[in-house]
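Chemist: using only what follows, build the 3D model:
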Amino acid sequence: MLIKEYRIPLPLTVEEYRIAQLYMIAKKSREESSGEGSGVEILVNEPYEDGPGGKGQYTQKIYHVGSHLPGWFKSLLPKSALTVSEEAWNAYPYTKTRYTCPFVEKFSLEIETYYYSDNGHQENVFKLTGSDLKSRIVDVIDVCKDQLYGADYVREEDPKIFESQKCNRGPLTDNWLEEYWSEVQGKTQPLPNGKSLMCAYKLCKVEFRYWGMQTKLEKFIHDVALRKTMLRAHRQAWAWQDEWYGLTMDDIREIERQTQLALQKKMAGETSDEQDLSEENSKSLAATMISLEKNEDQPTPLVSKKNVEKRMHKHLTPEGTPPSEHKSSSKSNLRSSSSGSIKSLQAQAANWRMETLVRESETETGSEDEFYDCESSFNKWSSMCSLDEADIDISPTQGDNSQEDSIFNPSFLRRVTSERGSRRMPNLQSHPSVDGCPETPVHSSCPTTVLILVFHAGSVLDANVDMTAKKSDVTTFKGAFESVMRQHYPTLIGHIAIKLVSCPSICTEALGVLSTLSPYSFDCSPSTIESPSLTNDLIPIGAIPLIATSSPDYAESVTKTINSANATYNEFIKSDDGKGFNGQVCIVGDSMGSVLAYDALVRTMQYQSRHDSENSILDTEITIPNDPLEPHYLNKSHLQAPTPRRRSSSTSDNHIKFEFDVSDFFTFGSPLSLILASRKISDDKTRDITKPPVQQVFNLFHPTDPVGSRLEPLLSARFTNLPPINVARYTKYPLGNGQPYHLMELIQSHPQLFGDHLQMPPTPVLRRLSEVSVQSTVSGLVDNIPLITMNALQQKWWGSKRLDYALYCPEGLTNFPTNALPHLFHASYWESSDVIAFILRQIGHFDLALYGHADDKECSMFKPGQEREKWMRKRTSVKLKNVAANHRANDVIVKEGCPQTFTARFMYGPLDMITLTGEKVDIYMMKDPPAGEWGILSTVVTDKTGRITYTLPERQSLACGIYPVRVVVRGDHTMCNFHLAVVPPQTECVVFSIDGSFTASVSVTGRDPKVRAGAVDVVRFWQDLGYLILYITGRPDMQQRKVISWLAEHNFPHGLVFFSDGFSTDPLGHKAAHLNNLITEHGVIMHAAYGSGKDITVYHNCGLAPKQIYAIGRISKKYSNMATTLNDGYASHLADLKLPGASRPARGNARLLVPRRLLAPVSGGATSRIRR
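Modeler: Numbering: from 1, shown residues only. Presented below is the predicted three-dimensional model:
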């Protein structure tokens, strides 16, 4: 929501302003109503006794605004939505107005106004507090200094020119406000010389929760529909004073009554008749009414406090033009390629689309808090984003050494049609990263460490984008960046600069050509913007970038882009923020800007390669055809247009290159791969796609974007069946969900895809294989991946990470016509918190290795807030010599709303020989996991048993989530780590007995036991369904380190681990008591439980049915009917679980809390030994 306070001073008294305002509203309502589709209907105009401000006048109006909206917005709405309802309460000198759109539930505009006899110096007349006061923007409107332009400017209404005949006022000067205030301050108004001064304080709150365009729409309403309208309205109130001067409130009410009747006739299609006016009015009132109605025969666009003042262009068809003439005239203008965006869509399709959204919003039950900026019907995941990873199977693929890894290979094209339907590959959410995070750029005196250059050329449907729109998008981008950084990345504030690189619009000619060729172009609905018209979904949007990049002028557009980027960069390094800049430069390209940026990068690389070797020109020589229309003209494997003939000239365009190096390249909904595929098909299919000279490319797109396309299958055919990475939702995972992005992780976790001549055994189809499971079932498979295969893929890959990243996309957008989507998606990137948080994680290297052995990296970021101190007891330092710490704590589950208490124990030496008694320990917690800041909660002293018990104060109680806790001994900085899970009631979980269900040998501590084949995959299967994983054992907690390290070493998913408190004579009883406590005290639901034959009675005593208990190993006949026996092992069991109806996802909000990462080994040594 945008909140602005407008302050509008006028040289009138408060009472005069009341008459002027009411008269101006009545006159403008009649002037700017031209009948159905454009005008005002006054439904109610009556006094009220008890309402806002006390006693006043209530009015209700309907504004028809169809002809006043911009084409990009009008194309998203049906005809029935192009009305706005106004309710106004006038208790002068206080008024309140509310605007709503009956068809758009989440749109609201509320204006409160106070009128005071001053110059607008009062700071908080509305008594705002908190975030409203902090986010409020004050905007002073000066009717003299703030000028109108174009058709909005009327000379007779200019205060610098107007001079009243009746009142002898005017004209005004630029410094009129200071002059008037110096005269009237502290005096009774009006002064004897007629001077007076008042100010209208208007608090405007605009909210338009429309997914992807909220910020753009709210700014549009403020800048155009509010500020511009109010400026002109107040200039008119001043300039029309000869018409309203001398009128009383009774006269105004009569004018309002007659205006209401006249508008009712006009909106009903009847012609207004001036003779219907009451003859009983006085001459002055009659003269006023004549003046008010003098322009009714020349309707102009509606101007109101809500709607746009944009006038209809001359090229629109007059109402009286016959249909045949309209068709012929529209055909003659098909080649128009002037500025603007695509015209509005067909009304029937728009009506069906929006009505569908309304029906969906009535039944939608999604959380509005989570999707605060979406339509109700948009609170769903798209088909790609909602694809349950647990439903994705893996089919073994045999490598063929003779087959090229290319989607253009004929054998691949023949096979893909037959295999596409049945092959389903696993999603990528496992295994530790093998590539370390890149090093942080070297710090210099310049505070800026990252420069982001935004290449803005518009969407494929933008014939021309003016500089104002580009600057507005980048301003929105900057604001969203700052908001996300303030909340979750405060260390980056002041270190990132964002600059606009304005790129030429290259789709103008292509749009004109397609408009001409379209058989539906004669059926275009009128638009207020002159540009090529595309209104039918059958127009091939994908052809637009292909035609645009084939133009002979394309090379010049690339040159302009490079020049613009260099100019922006040089301007930045000369500025105060960029002096001494030595950081990394990142490029962010929108739909067409990314295409130009890629080609500019390729040209830079080729220019450098030609000058690195004296023979490089001969090696890279390209024959230039004499005829630019020959087919060879398009035969390039990249986007670069033909090289100019003047190769040897130092002024050649090809010698123009970037004057900086680029680290990361982000593309937003780019058709780049589509263009590259077209070039490769028309060129040599054996030649690799030109790799841009950057460290990493990130291709971000929405799954339903008709323009966006994937890059990975273009580089390797093996990726055709692998889904893109789903970008984590910012509302759920503001710091990321820890999923791996690295290419080597993918290769190691999917050896059956990247190995050649590897014969897979005839095992059942598995969902996904962990490294341990692969090695257990297919011995040596990982080691047999040919090194040449891995090297070949790395050589042609555009970085070290995955390239394709899918963004959240509301399912309701599938109802939108295809040609309405590019504008919507293009606008959504600039305000998307998902996109911005993702970019920050990449450029700031916050994508921590949260999988596998991530504890070292996590600890490397942790530094105790308290320095080491001397022991409180003198004997402690003597006792702890040459002994290792063995601190531990069980993970804790607490129901939301219950006291959040945990216990930890601090011991040293084998078999807990030494107890840490009476010493300080500091409790730290990370409240924004997985990569947030560690904060200290408290300092406590251990008791005589070495234990501490701590309960979070009520003011510090945590919301639902899983929080890492670290308790550090003050004396030596040794520590213990555990998790505090705050869960909602009825949280569903799956329990695993560590010894009973995982180990294939007797002892965990004796030697490294083998893990049961497929055990890791079964645990991960339940985790991916959203269940909370619980690991339980009857072993004493002194073995915690070895047991958890064993689990982490074998890549078991993250879960909460519970041990027995010391040695127990009844370990099974301990398990049952602990699980029953979780069920009764914290509302946990055990959905399934795994263990050995000994664990059956434990689970049975917890109330689990036999079908919920899974036992593996030898089972006594006595318990065979109390559990489901897994005689064929976990592989067969996993195949059964994936059968239809065999399992279901977890229910409730608790599934959102389950972290998608692996267990980390417990570390408890001194932090000095951990940090690197």
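Chemist: would you mind splitting this protein into its domains for me?
Modeler: 2-293, 441-739+804-843, 849-984+1162-1172, 985-1147 (automatic domain parsing).
Chemist: quick one: mean pLDDT over the longest one.
Modeler: If I follow you right, that is domain 441-739+804-843. For domain 441-739+804-843, mean pLDDT is 78.
Chemist: what do you get for the shortest one?
Modeler: Per-residue pLDDT values across domain 849-984+1162-1172 average out to 81.
Chemist: and the strand or helix carrying residue 1089, what does it pack onto?
Modeler: Using DSSP states H and E, residue 1089 sits in strand 1085-1091. With contacts taken as 3 or more C-beta pairs under 8 Å, 6 or more residues apart in numbering; DSSP states H and E, strand 1085-1091 sits against strand 988-993, helix 994-997, helix 1067-1082, helix 1096-1101, strand 1109-1111. C-beta here means a position set from N, CA and C on the backbone, and glycine is covered the same way.
Chemist: ok, residues contacting the fourth one?
Modeler: Identification of contacts with helix 1096-1101 by C-beta atoms under 8 Å, 6 or more residues apart in numbering yields 991, 993, 1068, 1071-1072, 1075-1076, 1086, 1089, 1091, 1108-1109, 1111, 1115, 1119, 1122-1123.
Chemist: swap in 6 Å and give it another go.
Modeler: 1068, 1071-1072, 1089, 1109, 1111, 1119, 1122-1123 (C-beta atoms under 6 Å, 6 or more residues apart in numbering).
Chemist: over to the last one?
Modeler: Counting by C-beta under 6 Å, 6+ apart, the neighbours of strand 1109-1111 from elsewhere in the structure are 1089-1090, 1093, 1096, 1099, 1123-1126.
Chemist: go with 10 Å
Modeler: The contact list for strand 1109-1111 (C-beta atoms under 10 Å, 6 or more residues apart in numbering) reads 990-993, 996-997, 1018, 1086, 1088-1100, 1102, 1119-1120, 1122-1127, 1130, 1133, 1137.
Chemist: circling back: worst mean pLDDT among the helices and strands packed on strand 1085-1091?
Modeler: helix 994-997 (a mean of 83).
Chemist: that helix: what's the following helix or strand?
Modeler: helix 1015-1024.
Chemist: what about that next one, average pLDDT?
Modeler: What helix 1015-1024 shows for mean pLDDT is 90.
Chemist: which helices and strands does the helix or strand following that helix pack with?
Modeler: Per DSSP H and E, the first helix or strand lying C-terminal to helix 1015-1024 is strand 1028-1036. Contacts defined by 3 or more C-beta pairs under 10 Å, 6 or more residues apart in numbering; DSSP states H and E place strand 1028-1036 against strand 975-983, strand 988-993, helix 994-997, helix 1015-1024, helix 1040-1049, strand 1056-1060, helix 1067-1082, strand 1085-1091.
Chemist: gap between residue 196 and residue 177?
Modeler: Distance from residue 196 to residue 177, counting by C-beta to C-beta, to the nearest Å: 13 Å.
Chemist: could you pull out the helices in the stretch 501-650 of the chain for me?
Modeler: Ranges of helices in the stretch 501-650 of the chain, per DSSP state H, counting those that start in this stretch, are 508-517, 543-548, 554-574, 593-612, 616-619.
Chemist: so which of those helices is nearest residue 895?
Modeler: Ranking the helices of the stretch 501-650 of the chain by their distance to residue 895 (criterion: C-beta to C-beta) puts helix 593-612 first, at 48.4 Å.
Chemist: before we move on, the earlier item: minimum distance to residue 868: which of the helices of the stretch 501-650 of the chain has it?
Modeler: helix 554-574 (44.6 Å).
Chemist: quick check: neighbours shared by residue 196 and residue 177?
Modeler: Counting by C-beta under 10 Å, 6+ apart, the common neighbours of residue 196 and residue 177 are 10-11.
Chemist: dump the helices and strands packed on strand 1085-1091 to TSV, plus distance to residue 596.
Modeler: Below are the helices and strands packed on strand 1085-1091 laid out as TSV (distance: least, C-beta to C-beta, whole Å):
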stretch	distance to residue 596
strand 988-993	50
helix 994-997	57
helix 1067-1082	57
helix 1096-1101	62
strand 1109-1111	57
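Chemist: can you redo these as JSON lines with mean neighbour count and distance to residue 113?
Modeler: Below are the helices and strands packed on strand 1085-1091 laid out as JSON lines (neighbours: other C-beta atoms under 10 Å; distance: least, C-beta to C-beta, whole Å):
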{"stretch": "strand 988-993", "mean neighbour count": "25", "distance to residue 113": "53"}
{"stretch": "helix 994-997", "mean neighbour count": "22", "distance to residue 113": "68"}
{"stretch": "helix 1067-1082", "mean neighbour count": "17", "distance to residue 113": "53"}
{"stretch": "helix 1096-1101", "mean neighbour count": "22", "distance to residue 113": "68"}
{"stretch": "strand 1109-1111", "mean neighbour count": "26", "distance to residue 113": "69"}
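Chemist: now render the domains of the chain as a markdown table, adding distance to residue 787.
Modeler: Below are those laid out as a markdown table (distance: least, C-beta to C-beta, whole Å):
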| stretch | distance to residue 787 |
| --- | --- |
| domain 2-293 | 45 |
| domain 441-739+804-843 | 16 |
| domain 849-984+1162-1172 | 23 |
| domain 985-1147 | 23 |
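Chemist: which one of the ones you listed lies nearest to residue 754?
Modeler: That would be domain 441-739+804-843 among those, by C-beta to C-beta, at 6.4 Å.
Chemist: span of stretch 951-965 from start to end?
Modeler: Stretch 951-965 stretches 13 Å from its first residue to its last (C-alpha to C-alpha, to the nearest Å).
Chemist: now swap in stretch 828-836 and tell me
Modeler: Start-to-end, stretch 828-836 (C-alpha to C-alpha) is 11 Å.
Chemist: ok, now stretch 938-947?
Modeler: Start-to-end, stretch 938-947 (C-alpha to C-alpha) is 15 Å.
Chemist: now stretch 3-21
Modeler: 23 Å.
Chemist: which parts of it are buried?
Modeler: 3-21 (16 or more other C-beta atoms under 10 Å).
Chemist: what about those, which are in strands?
Modeler: Counting by DSSP state E, the part of those found in strands is 3-10.
Chemist: could you find the closest non-adjacent residue to residue 912?
Modeler: residue 1038 (5.7 Å; C-beta to C-beta, 6 or more residues apart in numbering).
Chemist: wait, doesn't that neighbour sit right on residue 1063?
Modeler: Yes. Shown here, residue 1038 and residue 1063 form a contact pair, counting by C-beta atoms under 10 Å, at 8.6 Å.
Chemist: if I look at the two, which residues touch both of them?
Modeler: residue 911.
Chemist: between those two, point out the one with more neighbours.
Modeler: For the pair residue 1038 and residue 1063, the greater number of neighbours falls to residue 1038 (18 against 11), based on other C-beta atoms under 10 Å.
Chemist: check contacts around the more buried one.
Modeler: Residue 1038 sits in contact with 886, 888, 905, 907, 910-912, 1059-1060, 1062-1063, where contact means C-beta under 10 Å, 6+ apart.
Chemist: which among those count as buried?
Modeler: 886, 888, 905, 907, 912, 1059-1060.
Chemist: closest one of those residues to residue 842?
Modeler: residue 888 (36.3 Å).
Chemist: distance check, the closest one against residue 1055.
Modeler: From residue 888 to residue 1055 the distance is 16 Å (C-beta to C-beta).
Chemist: for residue 127, same thing?
Modeler: For residue 127 relative to residue 1055 (C-beta to C-beta), the value is 51 Å.
Chemist: more neighbours, those two?
Modeler: Set residue 127 next to residue 1055 and count neighbours by other C-beta under 10 Å: residue 1055 wins out with 26 against 7.
Chemist: nearest residue to that one other than its sequence neighbours?
Modeler: Leaving aside its chain neighbours, residue 1055 sits nearest to residue 1029 (3.2 Å; criterion: C-beta to C-beta, 6+ apart).
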